[in-house]
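**Student:** Generate a structure from the sequence data that follows.
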Amino acid sequence: MVEKHVEHLLGARARGRAAGSNPQVRFDPLARVWADDGWDRAEDDLPVLRTEVSDERIGRVITRNTSPDLNFDRSINPYRGCEHGCIYCFARPSHAYLGLSPGLDFETRLVARPGAAAQLEKELRAKSYRVATIAIGTNTDAYQPIEKEREIMRDCLKVLRDFRHPVGIVTKGSLIERDVDILSEMAAERLVRVGITVTTLDPAISRKMEPRVPGPARRLQTIRRLTDAGIPVRVMVSPIVPALTDHEMEAILEAARDAGAIAASSIVLRLPREVAGLFRDWVEAEFPDRAARIMGRVRDLYGGRDYDPEWGTRMRGQGHWAALMKSRFDVAVRRLGLKTTLPPLRTDLFRAPPRPGDQLSLL
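**Tutor:** A predicted model of the protein is given here:
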């Protein structure tokens, strides 16, 4: 009885959020446990959780990786945590490195990096720097709501444009339309491509699964506005949630193609570390009639576990269902004339722009 009461009060505070709890930080030696203190406070007495933003002093802004599953070796994250609050987000566990929970903290306690653009310019000017495409939005979304006010992503884009540096962007946010002026300029020189994630065409499922993300129709509109500006767009059907959104794959691909997308990709649901528990709780609360089926199919994908972190299989799973999804995807993209790969972005145009007071080149 006590446990249900506590969950009810926490749920009241977490309105508009996907996670319903704050799991223990795995590096914290102390555990925090909810308990009923006997004071039966009314639901309205508890404040709704608001988004808090703190600023981070940056050491380095370009993050390197050597993952064989990724087609890039460097990325930028203007923010830590993400107000979009997608329950399935594989980046949630990264919040634990800040001493914060991958649950509600990930959605409500954000970290902005206002010095990112200046640090990016410094790193690009280093004599040791060798140009290759920078990925943005692969951990947390650079076009989440706080970007409207902070404009850290826009400042980083200006630096990349001035250096004529290639960039690949992934987002669910329609705020990217604000930066069409910069992106279209870069696209004209084949320096940018954008991936727009569409998980479902059902607005009700989207609102539950991705509570602060623009709805599916709005994301399709973003694809249209970007492609009309000459910016190449790839639709990302990710993640495919078995027994919940998998039946929509072909419809999503067709809708995105009709909106102007020229390429497509897909990834099956991934539940690393704390995400597994958060997702299980969410699906049991939101879809109790099919929760067992969804989690059963997830375990079929990963050898009986909620997740398998092995290289090569963690993004597509294994077994009959994974093979069926790949086959359906391949057939659909061929039928719709979508590409699965795009030409590499140009790296030969990269150059450091002169700074005030620099000696002009004689060439």
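**Student:** The stretch 1-150 of the chain: helices as residue ranges?
**Tutor:** Applying DSSP state H, counting those that start in this stretch to the stretch 1-150 of the chain gives helices spanning 2-13, 104-108, 116-125, 147-150.
**Student:** weakest of these by average pLDDT?
**Tutor:** Of all the helices of the stretch 1-150 of the chain, mean pLDDT reaches its minimum on helix 2-13 (a mean of 44).
**Student:** State the helix or strand in which F329 lies.
**Tutor:** helix 320-336 (DSSP states H and E).
**Student:** And that helix, how far out from the chain middle?
**Tutor:** Averaging C-alpha coordinates over helix 320-336 and over its chain gives two centres that are 23 Å apart (Cα atoms, centre = their mean, to the nearest Å).
**Student:** elements contacting that helix?
**Tutor:** Contact here means 3 or more Cβ pairs under 8 Å, 6 or more residues apart in numbering; DSSP states H and E; on that basis helix 320-336 packs against helix 249-259, strand 263-268, helix 291-301. Every C-beta, even on glycine, is put in place using the N, C-alpha and C of the backbone.
**Student:** Dump the ones you listed to TSV, plus mean neighbour count, distance to L110 and mean pLDDT.
**Tutor:** Listed next are these as TSV, based on neighbours: other Cβ atoms under 10 Å; distance: least, Cβ to Cβ, whole Å; pLDDT from 0 to 100:
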stretch	mean neighbour count	distance to L110	mean pLDDT
helix 249-259	19	29	98
strand 263-268	21	24	95
helix 291-301	18	28	94
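**Student:** Redo those as CSV? Include distance to E123.
**Tutor:** Listed next are these as CSV, based on distance: least, Cβ to Cβ, whole Å:
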stretch, distance to E123
helix 249-259, 34
strand 263-268, 28
helix 291-301, 38
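**Student:** so which of those gets nearest Y129?
**Tutor:** Each of the helices and strands packed on helix 320-336 has some distance to Y129 by Cβ to Cβ; the shortest is strand 263-268, at 28.4 Å.
**Student:** Let me see the residues that make contact with the closest one.
**Tutor:** Contact partners of strand 263-268, identified using Cβ atoms under 8 Å, 6 or more residues apart in numbering, comprise 195, 232-240, 242, 249, 253, 256-257, 301, 315-317, 322, 325, 329, 333, 336, 338-342.
**Student:** Would you list the buried entries among the residues you listed?
**Tutor:** Among these, those buried by neighbour count (16 or more other Cβ atoms under 10 Å) are 195, 232-240, 242, 249, 253, 256-257, 301, 315-317, 322, 325, 329, 333, 338.
**Student:** which residues of this structure score low on pLDDT?
**Tutor:** Across the chain, residues meeting the criterion (pLDDT under 70) sit at 1-13, 30-46, 357-363.
**Student:** How are the strands of it distributed by residue range?
**Tutor:** Secondary structure of the chain (DSSP state E): strands located at 52-55, 63-64, 74-76, 79-80, 109-112, 134-136, 167-171, 192-197, 233-240, 263-268.
**Student:** Nearest to A285, out of those strands?
**Tutor:** strand 233-240 (18.9 Å).
**Student:** Other residues contacting the closest one?
**Tutor:** So strand 233-240 is contacted by 88, 170, 193-199, 223, 226-227, 246, 249, 252-253, 256-257, 260-270, 325, 329, 338, 342 (Cβ under 8 Å, 6+ apart).
**Student:** measure G312 to P356 for me?
**Tutor:** Going from G312 to P356 by Cβ to Cβ, to the nearest Å gives 49 Å.
**Student:** Equivalent analysis for H84, please.
**Tutor:** 39 Å.
**Student:** ok, now E284?
**Tutor:** From E284 to P356 the distance is 59 Å (Cβ to Cβ).
**Student:** Name the residue in these two with the higher neighbour count.
**Tutor:** Using other Cβ atoms under 10 Å, the more surrounded residue of E284 and P356 is E284, with 13 against 4.
**Student:** Now do the contacts for the closest residue to that one other than its chain neighbours.
**Tutor:** With sequence-adjacent residues excluded and distances taken as Cβ to Cβ, 6 or more residues apart in numbering, E284 is closest to A291, at 4.5 Å. Contacts for A291 (Cβ under 8 Å, 6+ apart) come out as 280, 283-284.
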